[in-house]
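K.L.:
The sequence and its predicted three-dimensional model are supplied below.
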Amino acid sequence: MMKLFTTPWMTVPVGAIVYLASTLLFWKTPPPPPPAAEPARSAQTAASWEFSNPEADQLIAELKEEKKFLALRQQQLDDMASRLQAEQAELGQVTQTVQQLQVEFDKSVVRVREEETPNLKKLAKVYADMTPDTAATVMSEMEDPVIVKIMLFMKESETAAILETLAKKGQPEAKRAAAISEHVRLSTSHKDPAQ
């Protein structure tokens, strides 16, 4: 049998068997990959839109808060606009009422002035019939606008005599006489043409 193993045609199969046996003995399998390597590979294979970025999440949260704030501010502005419209409508009504009252007041003033004119003419005649000293004494107790109205219906000579008597009563009364003269000069009322 040894001869059989020594023949040249047998060396090839024996060499192949020795090669296979040694390969099987020294063959090593690679170790399994570590468990942490799996998530990294799954993250690489995950879809591109499925990622988490803390800065982006914070920006999204801030944008949501800003949107809530803007919605609240818009609601406040809308409420204020509706209140302003209501107040403008109320102001328009009050303005119309004031204008109507002004027209009525103006009519009343005209009526009072029309009724006052005959009374002022009578008073002017009464003071003209008094002595200038007595008329000045009585008029010194009146208010200046009333004196001016009465003097507008008096003759210039009668007015001059009363103002002269009033001025002779001292410095304060002289200043008052000057003020009354100025008011008579600036008065827009005119004397009755009949006088």
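P.N.:
Now that the structure is in, tell me what you want to look at.
K.L.:
lowest confidence element among the helices and strands of the protein?
P.N.:
helix 37-45 (a mean of 51; mean pLDDT, DSSP states H and E).
K.L.:
what mean pLDDT does the helix or strand following it have?
P.N.:
Downstream of helix 37-45, the first helix or strand assigned by DSSP states H and E is helix 54-129. Helix 54-129 shows a mean pLDDT of 89.
K.L.:
Beyond helix 54-129, next helix or strand please.
P.N.:
Downstream of helix 54-129, the next assigned helix or strand under DSSP H and E is helix 132-139.
K.L.:
residues in contact with that following helix?
P.N.:
127-128, 130, 147, 150, 158, 161-166, 169 (Cβ atoms under 8 Å, 6 or more residues apart in numbering). (C-beta placed from N, C-alpha, C; glycine too.)
K.L.:
most neighbours, which of the residues you listed?
P.N.:
Highest neighbour count within the contacts of helix 132-139, by other Cβ atoms under 10 Å: I162, with 28 neighbours.
K.L.:
Off-centre distance for stretch 129-143?
P.N.:
Relative to its chain's centre, stretch 129-143 lies at 58 Å (Cα atoms, centre = their mean, to the nearest Å).
K.L.:
Would you mark the buried spots in it?
P.N.:
Residues of stretch 129-143 classed as buried: P132, A135, A136, M139 (neighbour count, 16 or more other Cβ atoms under 10 Å).
K.L.:
Out of the residues you listed, the closest to S52 would be?
P.N.:
S52 has its nearest neighbour among the buried residues of stretch 129-143 in M139, at 99.2 Å by Cβ to Cβ.
K.L.:
Quick check: that closest one vs V103, distance?
P.N.:
Per Cβ to Cβ, to the nearest Å, M139 is found 35 Å from V103.
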